[in-house]
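Peer 1: Sequence and predicted structure are below.
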Amino acid sequence: MTAPYSGSCNCGAVTATIAAEPVWVRQCWCGQCQKAAAGSATNNALFATDAMAITGDVAWKGYTAASGNTVEQGFCPTCGTPIFGRNSSRQGSWVVRLGFLDGDHGLKPASAIWLEEAPEWAVVDPALEQFPRQPPPPPPAS
């Protein structure tokens, strides 16, 4: 499937339509993402915020990451569904949790990152490009 993508939280209070393709789709095994995903990796697609139309209220909670960047998690304040992530180093884009997207959206991780923090029982698809920590940033859009 291709854009537009749509998504909703479990209770339907927050919805989104995304009119662009993601910059990347990744699985993240950093310690903070494992906490956000109840012990597993998060599966995320990075989208430009100007391509996103959001309805409903999103609650945000943040922390300072090991990189020094401010990282915030966005979720539905009514049902708690994890929806977004944003990072102070990536102005103009947010990650969307793949589980927030509706239906068979066709997006799947192309890489797994922060594998040095993954638990020994983690199962990582060997077909994914793998990085022990954060990969280099994507090239600027033309």
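Peer 2: Nice, thanks for sending it over.

Peer 1: Give the residue spans of this structure that score low on pLDDT.
Peer 2: For the chain, the stretches with pLDDT under 70 are 1, 138-142.

Peer 1: show me where it has helices.
Peer 2: Counting by DSSP state H, the chain has these helices, from start to end: 31-36.

Peer 1: what residue is smack in the middle of this protein?
Peer 2: Residue closest to the average C-alpha location in the chain (C-alpha atoms, centre = their mean): residue 44, at 2.9 Å.

Peer 1: how close does the closest residue to that residue other than its chain neighbours get to residue 121?
Peer 2: Using C-beta to C-beta, 6 or more residues apart in numbering and skipping the chain neighbours, the partner closest in space to residue 44 is residue 95 (3.9 Å). Bear in mind the C-beta positions are built from the backbone N, C-alpha and C, glycine included. Noted for residue 95: a distance of 24 Å to residue 121, by C-beta to C-beta, to the nearest Å.

Peer 1: who has more neighbours, the two?
Peer 2: More crowded of residue 95 and residue 121, by other C-beta atoms under 10 Å: residue 95, with 27 against 6.

Peer 1: Tell me who's in contact with the more buried one.
Peer 2: Remark: with contacts taken as C-beta atoms under 8 Å, 6 or more residues apart in numbering, residue 95 is in contact with 42, 44, 45, 46, 47, 84, 85, 86, 87.
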